[in-house]
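*Asks:* Have a look; sequence and predicted model below, questions after that.
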Amino acid sequence: MPVASDVEESATDTDAAGEGLPINEVFYSLQGEGTLAGIPSVFVRTSGCNLRCWFCDSYHTSWEPTGAWRDVNSILEEVQSHEQANHVVLTGGEPLIHEQSVELLERLAAEGYHTTVETNGTIYRDAPIDLTSISPKLASSTPTPDRDPKGDGEWEEKHEENRIDMDALSLMVDAYETQLKFVVTDESDLLEITDLVERVRAATATTVADDDVLLMPEGMTREQLDGTRSEVAELAMEYGYRYTPRLHVDLWNDAPGT
Ligand SMILES: C[S@@+](CC[C@H](N)C(=O)[O-])C[C@H]1O[C@@H](n2cnc3c(N)ncnc32)[C@H](O)[C@@H]1O
Ligand SMILES: Nc1nc2[nH]cc(C(=O)O)c2c(=O)[nH]1
Ligand code: SF4
Ligand SMILES: [Mg+2]
């Protein structure tokens, strides 16, 4: 395993590390989030992220990125070893910081897989994607000094500056079938969500229905979700948006590889 800085330094410059992708893990599970929840899927998790959400449930792809550089062939082989699956979820970290994610998606499409990309929506790439599962990051995700899991708020400004890119977000919504999946910590997030949804609607030619807007409770453990899911479910009903569970957390809590 390369040390964290290997991934970090070359995360936006894959040429520096040659061909391939920094891979944190590949595993077979049920899609736990969003409109395809419950579907058996192979997850490919890249390492490295351009943001630093304080609540990130994939700490070892963002705050302390680790992984091994792997070529696309070897990733594809591991995906194919899970013979029951015809859905692949490319996630991270932020998978779209890596140019080589496009090649992986092309190879997966050529093999007939349905592909979902889990992304924060700040980087647009042209690739064969069946569903972009975009999770734009709200102000409540910002790692202020009192909520920084690692340091002392060093990422606050950069995260705040980069968390929304309306151009990238609009391009993605117009190019792909999309769901907008917001992590909700409490009711105060809803003003920003409704405003952002209206801005996306104004900036795109695509119809973004309320059903395409998903509210997902914040929490990486069952215990944490116990404190958020009821309120978020009520908010979904109040605003007419869709609620999404975190099925994998309900089933397996925070066990690795789920
Ligand atoms: C680890 S992220 C990777 C993909 C991409 N970087 C993103 O943020 O969309 C995968 C999904 O988990 C969500 N997520 C991360 N931490 C979470 C938490 N503590 N509670 C709920 N959802 C969380 C993200 O919003 C995203 O939808
Ligand atoms: N089961 C399961 N479903 C998921 N859907 C999105 C995930 C992600 O981390 O992007 C995820 C995950 O980590 N596990
Ligand atoms: S954007 Fe995604 S991977 Fe990056 S820190 Fe936030 S939740 Fe984690
Ligand atoms: Mg996850």
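*Replies:* Great, that's in hand. Ligands and ions are numbered 1, 2, ... in the order given.
*Asks:* quick one: residue 210 and residue 238 touch, right?
*Replies:* No - contact criterion CB atoms under 8 Å: residue 210 and residue 238 do not qualify, at 11.9 Å. Every residue, glycine included, has its C-beta placed from N, CA and C.
*Asks:* what's the neighbour count on the nearest residue to residue 205 once chain neighbours are set aside?
*Replies:* Once flanking residues are discounted, residue 205 sits nearest to residue 174: 5.8 Å by CB to CB, 6 or more residues apart in numbering. Number of residues near residue 174 (other CB atoms under 10 Å) recorded here: 14.
*Asks:* Could you look up the next helix or strand downstream of the strand or helix carrying residue 174?
*Replies:* Per DSSP states H and E: residue 174 is located in helix 166-175. Downstream of helix 166-175, the first helix or strand assigned by DSSP H and E is strand 178-184.
*Asks:* What residues sit buried inside the helix or strand that that next one is followed by?
*Replies:* Beyond strand 178-184 in the direction of the C-terminus, DSSP H and E gives the next helix or strand as helix 189-203. Neighbour-count burial for helix 189-203, with 16 or more other CB atoms under 10 Å as criterion, is recorded at 189-190, 193, 196-197, 200.
*Asks:* In a markdown table, list these along with distance to ligand 3 and pLDDT.
*Replies:* A markdown table is the format used below for the buried residues of helix 189-203 (distance: CB to the nearest ligand atom, whole Å; pLDDT from 0 to 100):
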| residue | distance to ligand 3 | pLDDT |
| --- | --- | --- |
| 189 | 15 | 98 |
| 190 | 19 | 98 |
| 193 | 16 | 98 |
| 196 | 15 | 98 |
| 197 | 19 | 98 |
| 200 | 18 | 98 |
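*Asks:* Among those, find me the one that's closest to residue 162.
*Replies:* residue 196 (15.1 Å; CB to CB).
*Asks:* The nearest residue to the closest one once chain neighbours are set aside: neighbour count?
*Replies:* Excluding its sequence neighbours, the residue lying closest to residue 196 (CB to CB, 6+ apart) is residue 136, at 6.2 Å. When neighbours are counted by other CB under 10 Å, residue 136 registers 23.
*Asks:* Residue 136 touches residue 169, doesn't it?
*Replies:* Yes - Residue 136 is within contact range of residue 169, at 6.5 Å (criterion: CB under 8 Å).
*Asks:* which residue ranges form the strands in the stretch 51-200 of the chain?
*Replies:* Counting by DSSP state E, counting those that start in this stretch, one finds strands in the stretch 51-200 of the chain at the ranges 68-70, 87-91, 114-119, 131-134, 178-184.
*Asks:* Distance to residue 56 and mean pLDDT added to the ones you listed, as a markdown table?
*Replies:* What follows is the strands of the stretch 51-200 of the chain, written out as a markdown table (distance: least, CB to CB, whole Å; pLDDT from 0 to 100):
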| stretch | distance to residue 56 | mean pLDDT |
| --- | --- | --- |
| strand 68-70 | 20 | 97 |
| strand 87-91 | 12 | 99 |
| strand 114-119 | 12 | 99 |
| strand 131-134 | 16 | 98 |
| strand 178-184 | 10 | 98 |
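*Asks:* Spell out which residues are contacts of both of residue 136 and residue 169.
*Replies:* Here residue 136 and residue 169 have residue 121 as joint contacts, going by CB atoms under 8 Å, 6 or more residues apart in numbering.
*Asks:* How about the residues of the protein by ligand 1?
*Replies:* For the chain, the residues in contact with ligand 1 (CB under 6 Å from any ligand atom) are 49, 55-58, 91-94, 118-120, 135, 181, 183, 216, 218-220.
*Asks:* Having no further points to raise, I will conclude here.
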